[in-house]
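A.B. asks: predicted model and sequence below, questions to follow.
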Amino acid sequence: MSTALLVSPLVTACIGRFGTNPTLRIGVVLEAISFIGASFSTQIWQLILSQGVCFGIGLGFCFTSTVGVVPQWFTKRRSFANAISAGGSGFGGLIYALSTNAMISNLGLEWAFRILAVIAFVVNGACSLVLRDRNKAVGSVHVAFHLALFKQPEFWLFVGWGFCCIISYTIVVFSITDYALTVGFTAEQGSIVSAIFNLSQGIGRPLIGLYSDKFGRFNVAGLSTLIAGIAALSLWIFAGRSYAGLIVYSIFGLFAGCIWPCVAPVGAEVVGLQLLPSALSIYWLVLVLPATFAEVIGLTLRTPGVNGYLHAQLLTGFLYIGAFMFLWLLRSWKLDQMNALGFDQDRTAGLEEQIQRRPKNGRMPLRTYMAGLFAVKHV
């Protein structure tokens, strides 16, 4: 994941120079090569180069080149459309986990890698042939580091939401199976919990997108983040030691990954469609650090015994709540922008248009932020 996010500025630059489809095809080829290389690996360094470096770069090219395409084609149903595309990773995680285990058991690890290489190349390659963007129509700016974004407080609120979310999400994703074993469940039960978690992601992400369009993108993204934090602090800590309770918490996994269906639509509301690719380039690069060390932090906080994950659970819950606070402040800013510019939810202002309507000192009054925190509006 870290390698995929790290190459996002390079991918953004490639899109600006070569276009979306050629950039996506680079990722398709690299992913296929990584699986083939892993199938012939006999030493750990070979596996690191193939599955760690090569696959990570390929994933970065595939993900970064496509994440901003869907919002370009929709206005009123932008969140729902983006969430459907994000939900594919939830269903994909479920299908890959079950099918890969079956392939390894029946055909061996080497052939499992080779089959995955063929699947990835054929499916992603076909997608690269039919994918169409609207970069020229919307005037997208593909600059790896757009300096104007660094000066915008609302952009850093957006980044702060993602920073906290990605740490919590990574800890949950990579710890939930081991947590099941730690509290005394079998490996099979742990796999079932993980499968339900992935299934809830696949089903829940489109639902989050659907309700985002209905009740407001900031509203649903913020409340989903808050629910993820409350679920971690209540269900995971107090009910997670029973198998039924852990199953219920895994169902709430649909809120744990709320960043994925919400990031592009919310980002479009913050910087506009034109600067969304450049904004996401910086966004993913900043998230490299938390994505790299999140699970290390979670494992460091683990202690012996059935309550060994308590500190990691507390960190997860409070970071989700912190992410909610970042996004709710961002919601207050958006409300002020909508009032100042006279926009509704289905129109986004570009960065230059926003800057022109700002106070001369560039800061929103504190009372404006406070009023927005408690305003009940579709935003």
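C.D. replies: Great, that's in hand. Residues are numbered from 1 along each chain as shown.

A.B. asks: in the protein, which helix is the longest?
C.D. replies: Secondary structure of the chain per DSSP state H: the longest helix is helix 310-341.

A.B. asks: counting by contacts, list what that helix packs against.
C.D. replies: Counting contacts by 3 or more C-beta pairs under 8 Å, 6 or more residues apart in numbering; DSSP states H and E, helix 310-341 packs against helix 153-182, helix 217-231, helix 259-271, helix 288-301, helix 351-356, helix 366-374. The C-beta positions use only the backbone N, C-alpha and C, and glycine is treated the same way.

A.B. asks: which of these has the lowest average pLDDT?
C.D. replies: The minimum mean pLDDT among the helices and strands packed on helix 310-341 belongs to helix 351-356 (a mean of 52).

A.B. asks: reformat the helices and strands packed on helix 310-341 as TSV; add distance to V118 and mean neighbour count.
C.D. replies: Formatted as TSV, these follow (distance: least, C-beta to C-beta, whole Å; neighbours: other C-beta atoms under 10 Å):
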stretch	distance to V118	mean neighbour count
helix 153-182	26	22
helix 217-231	36	24
helix 259-271	26	26
helix 288-301	28	17
helix 351-356	43	15
helix 366-374	51	13
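
A.B. asks: figure out which of those is closest to V69.
C.D. replies: Among those, helix 259-271 comes nearest to V69, with 9.1 Å by C-beta to C-beta.

A.B. asks: ok and the closest one relative to helix 153-182, angle-wise?
C.D. replies: 170 degrees (axes from the mean of the first three to the mean of the last three C-alpha atoms, to 10 degrees).

A.B. asks: let me know the average pLDDT across the very next helix or strand once past helix 259-271.
C.D. replies: Downstream of helix 259-271, the next assigned helix or strand under DSSP states H and E is helix 276-286. Helix 276-286 comes out with an average pLDDT of 88.

A.B. asks: could you measure from T12 over to G139?
C.D. replies: Distance of T12 to G139, given as C-beta to C-beta, to the nearest Å: 15 Å.

A.B. asks: show me which of those two is the more surrounded one.
C.D. replies: More crowded of T12 and G139, by other C-beta atoms under 10 Å: T12, with 28 against 12.

A.B. asks: pretty sure the more buried one is touching A279, no?
C.D. replies: No: in this structure T12 lies outside contact range of A279 using C-beta atoms under 8 Å: 9.9 Å.

A.B. asks: ok so, going back, so can I have TSV of the helices and strands packed on helix 310-341 showing distance to Y96?
C.D. replies: Formatted as TSV, the helices and strands packed on helix 310-341 follow (distance: least, C-beta to C-beta, whole Å):
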stretch	distance to Y96
helix 153-182	14
helix 217-231	23
helix 259-271	16
helix 288-301	19
helix 351-356	38
helix 366-374	41
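
A.B. asks: out of those, which is closest to S89?
C.D. replies: Closest among these, using C-beta to C-beta: helix 259-271, at 7.0 Å.

A.B. asks: before we move on, the earlier item: how far off helix 217-231 does the longest helix of the chain point, in degrees?
C.D. replies: Using the same axes, to 10 degrees: helix 310-341 against helix 217-231 is 160 degrees.

A.B. asks: so how far is helix 310-341 from its chain's centroid?
C.D. replies: 16 Å (C-alpha atoms, centre = their mean, to the nearest Å).

A.B. asks: pLDDT weak spots in the chain?
C.D. replies: Residue ranges of the chain with pLDDT under 70: 341-369, 371.

A.B. asks: and if we set it to 50?
C.D. replies: 345-346, 356 (pLDDT under 50).

A.B. asks: find the residue at the geometric middle of it.
C.D. replies: With distances taken as C-alpha atoms, centre = their mean, W260 lies nearest the centre of the chain, 3.3 Å away.

A.B. asks: against L109, how distant is the closest residue to that residue other than its chain neighbours?
C.D. replies: Using C-beta to C-beta, 6 or more residues apart in numbering and skipping the chain neighbours, the partner closest in space to W260 is A86 (4.3 Å). Distance from A86 to L109, counting by C-beta to C-beta: 29 Å.

A.B. asks: again with M103
C.D. replies: Applying C-beta to C-beta, the value for M103 to L109 is 9 Å.

A.B. asks: which of the two has more neighbours?
C.D. replies: Legend: neighbour count by other C-beta under 10 Å for M103 and L109, higher for M103 (17 against 13).

A.B. asks: tell me the buried residues in the helix or strand harbouring that one?
C.D. replies: Element membership for M103, per DSSP H and E: helix 78-107. Within helix 78-107, the residues that count as buried by 16 or more other C-beta atoms under 10 Å are 78-87, 89-90, 93-94, 103.

A.B. asks: now stretch 104-115, how far from the chain's geometric center?
C.D. replies: How far stretch 104-115 lies from its chain's middle: 29 Å, per C-alpha atoms, centre = their mean.

A.B. asks: neighbouring contacts of stretch 319-327?
C.D. replies: Stretch 319-327 is contacted from outside by 157-158, 160-165, 167-168, 218, 221-223, 225-226, 228-230, 232, 266, using C-beta atoms under 8 Å, 6 or more residues apart in numbering.

A.B. asks: which one is T3 nearest to, not counting chain neighbours?
C.D. replies: The shortest distance from T3 to any non-neighbouring residue, by C-beta to C-beta, 6+ apart, is to G56 (2.6 Å).

A.B. asks: so the one you found makes contact with S8?
C.D. replies: No: shown here, G56 and S8 do not form a contact pair, counting by C-beta under 8 Å, at 11.5 Å.
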